[in-house]
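Asks: next input, structure requested:
(one chain, ligands or ions: 2)
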Amino acid sequence: LFKYSMLAMLGITGYFTYITYLELHPRKQLPQSTTFKDGSPRKRLVILGTGWGAVSLLKKLDTTEYNVVVVSPRNYFLFTPLLTSTPVGTIDLKSIMEPIRHILKRKKGEVVYLEANATDIDPTKKNIKIMDNNNNETRTLPYDYLVMCVGAESTTFHIPGVRENAIFIKEAYDSTRMKEKILNNIERAAFLEMDDPKRKQLLTFVVVGGGPTGVEMAAELQDYVNESLSTWMPEISKDIQVKLVEGLPNILNMFDKNLIEYTQAFIKKSKIDLKLNTFVKGVDPNIITVEVNKEKQEIPYGVLIWATGIQPRDITRKLAQILPEIQTDRRGLLINEKLQLLGAESSIYAIGDCTFHGGLAPTAQVAHQEGLYLANIFKQLHKLDQLDWKSQLPSTTEKQLTDIKKKQDHIINNKMPNFEYNYKGTLAYIGSERAIAELKIAGKDYQLRGSPFAFLFWKIVYLSMCVSIRNTLMVSMDWFKFYFFGRNSI
Ligand code: FAD
Ligand code: NAI
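Replies: Numbering: from 1, shown residues only. Ligands and ions are numbered 1, 2, ... in the order given. The predicted structure is shown next:
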């Protein structure tokens, strides 16, 4: 038994060393070209974005079949489910960022990456305008196929003062800004006399929005106060107040009633000041105006974190405006069951948070599955395009044409099924090493709430979702470091 265990250990270690080696080294890639060896044209596939949808698509896509160009202002992938752990130093921000070139350089066929924003799309001429992130230089990029995976941006519902005074929690720079603001406020408060009223205001951290982002952010902040500041700055920690403000009667409205009730009771116990039925109406530099039972009230604050959901980006709205009769939903791009953009079905696909279809929530889980689905669609499209090219050759006989038609029909009818979303469940961290989960396993619904097992499960799920071994190891090491040395909150 010992001999076999040793052999198995050796095998596993060898396997992980090998895949880690592969991950850390660029692969010898087939260069891009205008045609394939047989003379057929190689089509250009432009992918907008480097988030959940784009990376899932890219990881599975056979990049030797297209000239793939990726355009995104972000030259890294961001693992959003752990973003709320980063401003307080539970996890290092870099651990949840994966350079996009690490992903692209591992592909068999060369992929070009351009750090830019897509600013205009012309579905008729099949080209896009892109603007360089650093110098505002512009370029026009033609495409045969375009995939929109530009995600969405934080919404403010046009509430005055939010953009100027609040910090969102959506991008990596939001985390850096939030960390800086929190640490500055703590030091400023520590500088003041104990009875200075400004101290209380600086140490009031308000999170607006009781969706999963707001709840997880408030939970992480309260953990930071209870577990880190209470040890190192007890005189500050006792004066910090974390408030979670939600306009509706409940938080986490996508969860089952039991889990909502459990979480609300748990949050109240953890000292977070939970304010339900409290709708933010306006924000000034130090004061939030809220409406409670039609009455106006004021909440002074030091740090304001805004998490009231998402809205389409400018580029998404512009594209919808080009097709006003078809693209009629203000929540996102309308697509069909094959994830083709309504109004430009033959050349534009759209996935993830920039779309609105079938009542699917804007989650990483959806974007990920859509990306994987599209990789297969592009495999089939490539076969169809190759057959189409063959059918147009002057040397193709009538018999060959009939065969080609049969093959094309077979692909369209059998190899390109509609997209079907496979909901696996929802998880949320609620603080003090507790999590809640709704799971769907083999068609049955299960719930986990609050037990250490739920938290361990939450950790395992997120580790398994990381896009690289590097990310998985770095996040694991951060958790390990946190248990031994506490948070890295400097
Ligand atoms: P994104 O991942 O946002 O990617 C969009 C990409 O497009 C980015 O690379 C962006 O830079 C790029 N881009 C933007 N504008 C342009 C442009 N003009 N041209 C080109 N590129 C552009 N979901 C879950 O399922 N589980 C979770 O636990 C979870 N936790 C979350 C926690 C937080 C804090 C947040 C903010 C979200 C969380 N989500 C979670 C939701 C999840 O992150 C999104 O649903 C997911 O990121 C959507 O993927 P996407 O590819 O559509 O967009
Ligand atoms: P959300 O839309 O889920 O929640 C926003 C909350 O803000 C709502 O409860 C709303 O009532 C409240 N709100 C809106 N305006 C308000 C105002 N003026 N005053 C007070 N409250 C106000 O947004 P969130 O949390 O950013 O999530 C966005 C998407 O990302 C969701 O689809 C979510 O499922 C997904 N996500 C999933 C996570 C998970 O699975 N753990 C974690 C984070 C996000």
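Asks: got the phi/psi numbers for the residue of the stretch 1-150 of the chain found nearest ligand 2?
Replies: Closest contact between the stretch 1-150 of the chain and ligand 2, by CB to the nearest ligand atom, is at Pro81 (6.2 Å). Bear in mind the C-beta positions are built from the backbone N, C-alpha and C, glycine included. Phi and psi for Pro81, reported as degrees, to the nearest 10, are phi -60, psi -20.
Asks: I'd assumed Ala364 was in contact with it.
Replies: Yes - with contact defined as CB atoms under 8 Å, Pro81 reaches Ala364; the gap is 6.4 Å.
Asks: shared neighbours of the two, anything?
Replies: Shared contacts of Pro81 and Ala364, defined by CB atoms under 8 Å, 6 or more residues apart in numbering, comprise Met465.
Asks: more neighbours: the two, which one.
Replies: The neighbour comparison of Pro81 against Ala364 (other CB atoms under 10 Å) goes to Pro81, with 22 against 17.
Asks: for that one, give its distance to Val461.
Replies: 9 Å (CB to CB, to the nearest Å).
Asks: now swap in Lys268 and tell me
Replies: With CB to CB as the criterion, Lys268 and Val461 are 26 Å apart.
Asks: more neighbours: the two, which one.
Replies: A count of neighbours by other CB under 10 Å puts Val461 above the other of Lys268 and Val461, at 16 against 12.
Asks: so which strand or helix has the more buried one?
Replies: Following DSSP states H and E, the helix or strand that holds Val461 is helix 452-465.
Asks: what about Ala454, how many residues close to it?
Replies: Neighbourhood size, Ala454 [other CB under 10 Å]: 20.
Asks: cool, and Leu202?
Replies: 25.
Asks: tell me the confidence at it?
Replies: Looking at Leu202, its pLDDT stands at 98.
Asks: need the strands for the stretch 201-350 of the chain, in chain order.
Replies: Under the criterion DSSP state E, counting those that start in this stretch, the stretch 201-350 of the chain carries strands at the ranges 204-208, 241-245, 273-275, 278-283, 287-292, 295-300, 303-306, 310-312, 348-350.
Asks: still on that earlier bit, now do the residue of the stretch 1-150 of the chain closest to ligand 2 against ligand 1, distance only.
Replies: According to CB to the nearest ligand atom, to the nearest Å, Pro81 stands 3 Å off from ligand 1.
Asks: ok, now Leu244?
Replies: Where ligand 1 is concerned, Leu244 sits at a distance of 15 Å (CB to the nearest ligand atom).
Asks: my guess is that residue contacts Lys271. True?
Replies: No - with contact defined as CB under 8 Å, Leu244 does not count as touching Lys271 (11.2 Å).
Asks: the more surrounded of the two?
Replies: Comparing Leu244 with Lys271 by other CB under 10 Å, the one with more neighbours is Leu244, at 29 against 13.
Asks: and the gap between that one and His368?
Replies: For Leu244 relative to His368 (CB to CB), the value is 28 Å.
Asks: which parts of the stretch 301-450 of the chain sit against ligand 2?
Replies: Ala307, Thr308, Gly309, Ile310, Ala361, Pro362, Thr363, Thr426, Leu427, Ala428 (CB under 6 Å from any ligand atom).
Asks: show me which residues of the stretch 51-200 of the chain are close to ligand 1?
Replies: Residues of the stretch 51-200 of the chain lying near ligand 1 (CB under 6 Å from any ligand atom): 51-54, 71-74, 80-81, 83-84, 117-118, 149-151, 169-170.
Asks: now the helices for the stretch 51-200 of the chain?
Replies: Counting by DSSP state H, counting those that start in this stretch, the stretch 51-200 of the chain has these helices, from start to end: 52-60, 100-104, 162-165, 172-191, 197-202.
Asks: avg pLDDT for the longest one?
Replies: Helix 172-191 shows a mean pLDDT of 97.
Asks: same question, the third one
Replies: Model confidence over helix 162-165, given as mean pLDDT, is 98.
Asks: show me what the strand or helix carrying His382 is packed against.
Replies: Using DSSP H and E, His382 sits within helix 364-391. Under the contact definition 3 or more CB pairs under 8 Å, 6 or more residues apart in numbering; DSSP states H and E, helix 364-391 sits against helix 52-60, strand 145-148, helix 398-410.
Asks: and these as a markdown table, adding mean neighbour count and mean pLDDT?
Replies: Putting those into a markdown table (neighbours: other CB atoms under 10 Å; pLDDT from 0 to 100) gives the following:
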| stretch | mean neighbour count | mean pLDDT |
| --- | --- | --- |
| helix 52-60 | 25 | 98 |
| strand 145-148 | 27 | 98 |
| helix 398-410 | 12 | 97 |
